[in-house]
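Q: Sequence and computational prediction follow.
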Amino acid sequence: MRWQLYAIAAVLCGAGGCPHGAAPSRPALAVNQTAAASASSVKPGAERGTVESDPSCAGGESIAVFADGVEHGRVCKADAATRGLTVIDLADDWTPAVMAAQPDGRIPAYHATYVSLANEKVEAGGDLEDALGELYGIVPTLAVVRARLADTKRHDCWAAIDASPVAALTKPYGQDHKLVIQSALYRWKALNAQLERARDKRGVADIAALADVPAYKAQVAKWKPLDDLHRGILAAQARLDCEDFLIDEKVPGTFTWRTGAAVELFQRRNFLIPNSRLDGETRDALQLDSRELDFRLALRILRERVVDATGLIEDGTAADGPGAVLGRMLDPENMRGARGHEAPLPSGAPDLIHPATEAAAKALGWTDPDGVAAFLAAHTGSYEVAVALPAVPAYHATHMELEAVIDRGDVWYDETPKHRTVKHRPTLVLYSIEGDLRRPLVRWPTTIGGWADVRQPGGDVVQKWKESDVGARVWRELYAGPTWTPPPTTPDRDLVRNLYNGHWRLKTEAFGPGAHSAYGLVMLINNKEIKKGNTVDYDDNGIRTHGSSTVTSIFNGTSHGCHRLYNQLAVRLGGFLLHHRNHVVQGEQAIAYRRAVHYKGDYEARVDSKGFLYELTPPVPVRVTKGNILSKRKIPPTNSAPARP
C-alpha cells in the first residue's frame, strides 16, 4: 500500500531544527501516540510517512523510522504523529497503559511485578508456571523472544524429532485417559512383538507391509491404531522434553500427571487453552518448528504494543472475526468468539488490530523467524520505533461516547444444580455512539452467575444460586492490579491450596494483585446509579466486569455473578477506556482487610490496597440484558443444594 512507502528526506529540517514540543498527550499515558495519529491529523503539506534527515530534536528525542525491514532515517518523536507515523515502544520495561507510570509520577503498585514477570523472572522458590503469564495478560518482552530464538540446543532437539506421529492422534488425550492409554500400550507391546517376529521371518520392510499377507491382515488392523497412539504420545513427550517441561515418565508412552503438567506448561508458553490435554490446537503446535513458535510469540508481543500505541480495540469479533497476521491466527479458537454468536453484528467494526500488526511486522522486517532474530540482535535495551500504519478510524477521539451491553445468553433457572450445554453463551459488546449510529466495536465471550458454594453464617457450606444483576449499570471505577477481599460467604476451603505433598498454604494469588487474582489484572465495578435530587449515588452489589485466569470458564462455565473476560482482553478494554474516555487518576486505594482462615491449618489473609483506581468521568453506561430464560422457572432459585465434594 502507498501509505507504507516512505519519501525519505522529502521534508528537511530548517536551520532551527525539527519542529518540537510536547508530545501529543493521552490520558494516563506518557509516551505513546494516541488516536489523533490519523490521516486527518497530518500537517498540511506533509506527506504521510515523511521523515527528517539527521533531526536535532531540541528538548526531545529522535527515533528511528522503519519500512520494509530497513531503517530510513530518524524523526523527532514529538513530531511523528503529525507526519503520519506511529511510535511503538519495544522496550523490555514496557507495560500496557493501565499499568504505566502516570504524568504526575504515580505508578500502579503492580507495575514492577508486571515487568519482572514479562521478563519471565520469578522470585526465589517460585514455580516456572508463575513466569509463563502471557495467557493471563502478562505480555512477555522481546528479550524473552531473543533468548528463545538463540536457544540452539532447544531448536536442535526439536529438529531431531519426527513429530508427524502426533498428527495421527485423533482425540484430546489427557490424564483421565491414563488407564485407556496404559491398556493400549500393553496390547501394543504384545501385538508388536508377534508382528515383529512375523516381519523378520518373512523379510518384509516393516509391520505395515504385513497387511498384504492374509494371515496377518486382521492383526495388523488391530495393531495400527495402537501403534499410532503409542508413537503419537512418544513424539509429543519427546518435544515436551526438549522444553524441559517433562519430568521423566516411569513408562514412556503412558499419560500420567507428569505428561499432563508438561502439556499445560507448553500450552501456557504458546498461548493455547490450558486444559492439559493434547487437543487439536496443541497437537498442531507440537508439529511446528520451534522457531516458528517463537516467531508467533514475537507477533503476539508486537500486537499488544501496536494496540497500546494506536488505541485500537477493534479486533473483528463484532464483524467477521479476527484475521490472520502473515497467514497466522494468533489466538486459539475459543478466544475468537462466543458460542452461538457467530453472525456479524450490524455495522460491526472490522478487524483493525491484525492488519495494523501485520503492517508493523513488515515495516520492522519481522516476516519470519530470521527477520525477528536479526532485528533483535541489532536492537537491545529500551528503544522505540516509528512506522507507518493504516490510519485509525475517524470516530476515534480523546473522549468517545460509549456503551457496553452484556447479553446473558441462554439462562436456566434450575431448582437444583444441573449440567447444561449452553447454546448461546454470554457476551459483552462495546459500542461507540456516533449520532444515530451505534457501532459494535468488539463482541467478547464472558460469564454470568450460576450455582456456587456459599458459607452459611453457622459455618456450613451449601450451593446457592449466584445471580448476575439485570438492568442499567455504569462503569465508573476502573482498577489496575485489583485485589479481591473474599466476602464472609466464601468458604475457607476455597482460600487454601493443596500442595499435594501433605501440606497446604493460603491461596495468596487469589487475593492479588496479579494475573491469577480473582479479578485478574483489570476490574470494572458494575455500579447502579441512584439519583437523589441533583446528586447521584452509586450502589455496589458486588458485580464486576474483570479479567480472569480461569480461562476455560469463560467459554464453557459460570461465575459467582461477575462477568469474566480473558485477562488480555480486560487489559485491552482498560487501555481503550484510558485512551478514549475522560478520567481522573485516583491512584492506589488503601484498605486494611484481614480474615482468619481455618482449613487444613490456620492462616491470616491480608490485603492492603484495592488496586490502582482510574475514575471514568462520566461513567460508561452498561446494560445487562436478562437473556433467553429457557427454564420453566423464570426467576432465580432461592433454595440450597449440597456443597460440591
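A: Structure received.

Q: any idea how far K217 lies from P96?
A: 61 Å (C-beta to C-beta, to the nearest Å). Every residue, glycine included, has its C-beta placed from N, CA and C.

Q: Spatially nearest residue to the most centrally placed residue in the chain, not counting backbone neighbours?
A: The residue lying closest to the centre of the chain (C-alpha atoms, centre = their mean) is Q568, at 3.7 Å. Among residues not flanking Q568 along the chain, G137 sits closest, at 4.8 Å (C-beta to C-beta, 6 or more residues apart in numbering).

Q: okay, now the one you found: neighbour count?
A: 29 (other C-beta atoms under 10 Å).

Q: dump the residue contacts of it.
A: By C-beta atoms under 8 Å, 6 or more residues apart in numbering, the contact list for G137 reads A515, G520, L521, V522, G547, Y566, N567, Q568, A570, V571.

Q: For the first one, give me its contacts.
A: Counting by C-beta under 8 Å, 6+ apart, A515 touches L117, G133, Y136, G137, I138, L521, G547, S549, N567.

Q: Report the two of the residues you listed separated the most.
A: Spanning the widest gap among these are L117 and G547, at 14.5 Å by C-beta to C-beta.

Q: quick revisit: most neighbours among the contacts of A515, which one is it?
A: L521 (34 neighbours).

Q: State the distance from that residue to S548.
A: Counting by C-beta to C-beta, the gap from L521 to S548 is 10 Å.

Q: between those two, what contacts are shared?
A: With C-beta under 8 Å, 6+ apart as the test, L521 and S548 both reach N567, A570.

Q: quick one: low-confidence parts of the stretch 51-200 of the chain?
A: 51-55, 123-130 (pLDDT under 70).

Q: So what's the residue count around the residue nearest to K528 when sequence neighbours are not counted?
A: Among residues not flanking K528 along the chain, D539 sits closest, at 4.3 Å (C-beta to C-beta, 6+ apart). A count of neighbours around D539, defined by other C-beta under 10 Å, yields 11.

Q: does D539 count as helix, strand or coil?
A: strand (DSSP: H, G, I helix; E, B strand; the rest coil).

Q: Against R305, how distant is it?
A: In terms of C-beta to C-beta, D539 sits 38 Å off from R305.

Q: What of R455?
A: 44 Å.

Q: same check, this time on L521
A: 17 Å.

Q: Now do stretch 543-554: distance to the chain's middle.
A: 11 Å (C-alpha atoms, centre = their mean, to the nearest Å).

Q: got it, and stretch 273-290?
A: The answer for stretch 273-290 is 17 Å, by C-alpha atoms, centre = their mean.

Q: list the buried ones in it?
A: Buried residues in stretch 273-290, counted by 16 or more other C-beta atoms under 10 Å: 273-279, 281-283, 285-287, 290.

Q: before we move on, what about stretch 413-428?
A: D414, V422, H424, R425, P426, T427, L428.

Q: Would you mind splitting the protein into its domains for me?
A: Using automatic domain parsing, the domain ranges for the chain come out as 1-132+352-393, 164-286, 402-642.

Q: Quick one, which of these gets closest to H155.
A: domain 164-286 (8.7 Å).

Q: returning to that earlier point: tell me which of the buried residues of stretch 273-290 fall in helices.
A: E281, T282, R283, A285, L286, S290 (DSSP state H).

Q: Was I right to think the first one contacts P274?
A: The reference is to E281. No: using C-beta atoms under 8 Å, E281 makes no contact with P274, being 11.4 Å away.

Q: Look up which helix or strand I543 falls in, please.
A: Here I543, judged by DSSP states H and E, is contained in strand 535-548.

Q: Can you give the distance of the next helix or strand after that strand from its chain's centre?
A: Counting by DSSP H and E, the next helix or strand C-terminal to strand 535-548 is helix 551-556. Centroid separation for helix 551-556 versus its chain: 13 Å, with C-alpha atoms, centre = their mean.

Q: That's all I had, so thanks and see you.
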